[in-house]
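Colleague: model the following, please.
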Amino acid sequence: MISFSEASLAELSIHRIGNKSEDEFYVLSEQSLVIEDEQLKNLLLQYFLGPYGKVNEIYRFFHPNEDLNLNEVYHFAESIFEKGERFHDNSQQLAKYLYEISNHPKIKSGELYVAYFENVQIEGELHDAIGIFKSENKETYLKVYPENSGFNVSYEQEAINISKLDKGCLIINTEKEQGYKIAVIDQTNRSAEAVYWKDEFLKLRIRNDNYHQTSNVLGVYKNFVTQKLDEDFEISKADKIDLLNRSIKYFKEKDSFDLDEFSSEVIANAEGIESFKNYKKSYEEEFDTAIPDSFDISDAAVKKQARDYKSVLKLDKNFHIYIHGNKELIEKGFDDDKSMNYYKVYFREEQ
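Modeller: Presented below is the predicted three-dimensional model:
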């Protein structure tokens, strides 16, 4: 979805952000960097943009009062896009704002990078983009070098691994009125100190497009099968796996989702259909999010969700049965003599 094969780094500012609650301070650079070394530019592009090659979710800026201009990061990004000569000034304002909200004792200090990119491709179109990145974790690296007809070794502490971007936000200069298109990286676990990046600093909400809608329905259906069905029906694990496999098959074969069609073809049971629709409605109410009854299916979302759908039937610690097709070819029973459950599997030939 996001490609940087044609991208270039036009400007970069670096600041350091301390933890306000620990009485640490911020340090602002007086001016942006001019990077002429092409190899260094390529390394920075890899560090900043490389992780976004696997990002599919797109967000937008928002504000609880529904006024985008009250979102601080949106305000500074808009100023950068409209007045490029004020890039560094706005990067300093972003650093100050991030410092102000870094008030959880577990938030790590680190460098803040604000970058301006040209020709970032998203959804097949080239746009300028602003990158906001923070490095929090440092590593120690060994360096081996030739010396006196042999080799010697040294080390460098507090170095940054360019393959591990801790936090990032890529603001694409398109759809400004809706809050821009935004891609996010946050490698921190979802804990109290982690939410500050996306929820407090950036104030984002997911773009309600077909990717999000596809992911939502598949996620809700998976939870329904794995968690809710046992409350209403007696159902075996093999039948649960079959229901999950049929849902993925539906999404892979169809171009669009229709709730009634999906329910009829995949669940195929009146009581089960009613239970699923009630579960979907409860989810929408609990999380205050509407899932439409019909929408175009996102192949990228299906591919990602399919990796989380388990088709493995685990039997004690002795056997794993992978169920990919017709569940009528597997039967469950109970052996009275051994007082154990069993599965009977039908097949035509071994492979």
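
Colleague: residue 155 looks like it's in a strand, true?
Modeller: Yes: counting by DSSP: H, G, I helix; E, B strand; the rest coil, residue 155 is found in a strand.

Colleague: wait, it sits on residue 139?
Modeller: No: using Cβ atoms under 8 Å as the test, residue 155 is too far from residue 139 to be in contact (10.5 Å). Any C-beta I mention is one placed from the backbone N, CA and C, and that applies to glycine too.

Colleague: element containing residue 48, please.
Modeller: helix 38-49 (DSSP states H and E).

Colleague: so in this structure, which strand runs the longest?
Modeller: strand 110-122 (DSSP state E).

Colleague: mind listing what that strand pairs with, with the direction of each?
Modeller: strand 2-3 (antiparallel), strand 8-17 (antiparallel), strand 125-135 (antiparallel) (DSSP bridges).

Colleague: give the buried residues for the helix holding residue 48.
Modeller: For helix 38-49, burial by neighbour count (16 or more other Cβ atoms under 10 Å) applies to 44-45, 47-49.

Colleague: now the residue lying closest to residue 335 once chain neighbours are set aside: how far from residue 332?
Modeller: Spatial nearest neighbour of residue 335, excluding adjacent residues (Cβ to Cβ, 6 or more residues apart in numbering): residue 342 at 5.6 Å. With the distance defined as Cβ to Cβ, to the nearest Å, residue 342 ends up 7 Å from residue 332.

Colleague: coming back round to it: could you say what helices and strands the helix holding residue 48 packs with?
Modeller: Contacts defined by 3 or more Cβ pairs under 8 Å, 6 or more residues apart in numbering; DSSP states H and E place helix 38-49 against strand 8-17, strand 110-122, strand 125-135.

Colleague: can you redo the ones you listed as JSON lines with mean neighbour count, mean pLDDT and distance to residue 72?
Modeller: Below are the helices and strands packed on helix 38-49 laid out as JSON lines (neighbours: other Cβ atoms under 10 Å; pLDDT from 0 to 100; distance: least, Cβ to Cβ, whole Å):
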{"stretch": "strand 8-17", "mean neighbour count": "19", "mean pLDDT": "96", "distance to residue 72": "15"}
{"stretch": "strand 110-122", "mean neighbour count": "21", "mean pLDDT": "95", "distance to residue 72": "14"}
{"stretch": "strand 125-135", "mean neighbour count": "21", "mean pLDDT": "95", "distance to residue 72": "12"}
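
Colleague: of those strands, which is nearest residue 277?
Modeller: When those are compared by Cβ to Cβ, strand 110-122 sits nearest residue 277, at 35.1 Å.

Colleague: quick revisit: roughly how far is the helix holding residue 48 from the heart of the chain?
Modeller: How far helix 38-49 lies from its chain's middle: 22 Å, per Cα atoms, centre = their mean, to the nearest Å.

Colleague: after it, which helix or strand is next?
Modeller: strand 59-61.

Colleague: ok now that following strand, how far from the chain's centre?
Modeller: Offset of strand 59-61 from its chain centre (Cα atoms, centre = their mean): 13 Å.

Colleague: what lies in contact with that strand?
Modeller: Under the criterion Cβ atoms under 8 Å, 6 or more residues apart in numbering, residues 68, 71, 73-74, 77, 175, 178-184, 198, 202-207 lie in contact with strand 59-61.

Colleague: buried members of those residues into PyMOL, please.
Modeller: To isolate in PyMOL the members of the contacts of strand 59-61 that are buried, counting by 16+ other Cβ under 10 Å, one can use:
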select buried, resi 68+71+73+74+77+179+180+181+182+183+184+198+202+203+204+206+207
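
Colleague: what about the contacts of strand 59-61, which are in strands?
Modeller: 181-184, 204-206.

Colleague: where's the dip in pLDDT among these?
Modeller: Lowest pLDDT among the ones in strands among the contacts of strand 59-61: residue 206, with 83.

Colleague: for that residue, give the beta-bridge partners.
Modeller: residue 59.

Colleague: check what pLDDT the closest residue to residue 145 other than its chain neighbours gets.
Modeller: Nearest non-adjacent residue to residue 145, counting by Cβ to Cβ, 6+ apart: residue 152, 6.0 Å away. Per-residue pLDDT puts residue 152 at 90.

Colleague: and residue 152, helix, strand or coil?
Modeller: Counting by three-state DSSP, the backbone at residue 152 sits in strand.

Colleague: distance of it from residue 67?
Modeller: For residue 152, the distance to residue 67 equals 61 Å [Cβ to Cβ].

Colleague: repeat for residue 252
Modeller: Applying Cβ to Cβ to residue 252 and residue 67 gives a distance of 41 Å.

Colleague: picking that back up, by how many degrees do the longest strand of the chain and helix 38-49 diverge?
Modeller: Here strand 110-122 points in a direction 90 degrees away from that of helix 38-49 (axes from the mean of the first three to the mean of the last three Cα atoms, to 10 degrees).

Colleague: helices of the protein, start to end?
Modeller: Along the chain, counting by DSSP state H, helices occupy 38-49, 72-82, 87-101, 195, 210-223, 229-232, 237-253, 259-262, 270-287, 299-306.

Colleague: nearest to residue 10 among those helices would be which one?
Modeller: Taking the helices of the chain one by one with Cβ to Cβ, helix 87-101 is closest: 8.7 Å.
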